[in-house]
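**Q** Next come a sequence and a model predicted from it.
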Amino acid sequence: ASEGKTVHPTQKPVALMEYLIKTYTNEKETVLDFTMGSGTTGVACINTNRKFIGIEKDETYFKIAQDRIAAI
C-alpha cells in the first residue's frame, strides 16, 4: 500500500513506525512484529536499517505484507 492508503483496518503510518523503531532500537538490530498485518513495521525497518521478523496468521494480509516489503 502506498503512503496514505490503507489495506488493513489497524494499519499505522510508516512515519510513525519509523519514529518508534528509531527511538527504541539501534541500527542493525532485529524487530519482531507478531501481528504484522500489512507489513508497515517491516517497511519501516528496511527504511531505518533494521532487520525484521514478521508473523501474520491471515494468509491474505501475509501475502500483502510480503509483496509490500519485497517491493522496497
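**A** Perfect, thanks for sending it. Numbers count the residues shown, from 1 in each chain.
**Q** Need the residues that contact stretch 52-65.
**A** 1, 7-8, 30-39, 41-42, 45-46, 69 (CB atoms under 8 Å, 6 or more residues apart in numbering). The way it works is simple: take the backbone N, C-alpha and C, and place the C-beta from them, glycine included.
**Q** low-scoring stretches of this structure, by residue?
**A** 1-4 (pLDDT under 70).
**Q** Give the buried residues for the strand or helix carrying Ala44.
**A** Using DSSP states H and E, Ala44 falls within helix 40-47. Buried residues in helix 40-47, counted by 16 or more other CB atoms under 10 Å: 40-45.
**Q** same thing with stretch 16-34?
**A** In stretch 16-34, counting by 16+ other CB under 10 Å, buried: 17-18, 21, 31, 33.
**Q** about what we covered before: next helix or strand past the helix holding Ala44?
**A** Following helix 40-47 toward the C-terminus (DSSP H and E): strand 51-54.
**Q** now the most centrally placed residue in the chain: how far from Tyr61?
**A** In the chain, the residue lying closest to the centroid (CA atoms, centre = their mean) is Thr41, at 2.1 Å. Remark: distance between Thr41 and Tyr61 (CB to CB, to the nearest Å) = 13 Å.
**Q** And for Lys28?
**A** 27 Å.
**Q** Could you do Val7 as well?
**A** Val7 is 8 Å from Tyr61, by CB to CB.
**Q** Now list whatever residues contact both of those two.
**A** Contacts common to Val7 and Tyr61, judged by CB under 8 Å, 6+ apart, are Ser38.
**Q** excluding its backbone neighbours, what's nearest Gln66?
**A** Nearest residue to Gln66 in three dimensions, chain neighbours excluded: Gly39, at 7.3 Å (CB to CB, 6 or more residues apart in numbering).
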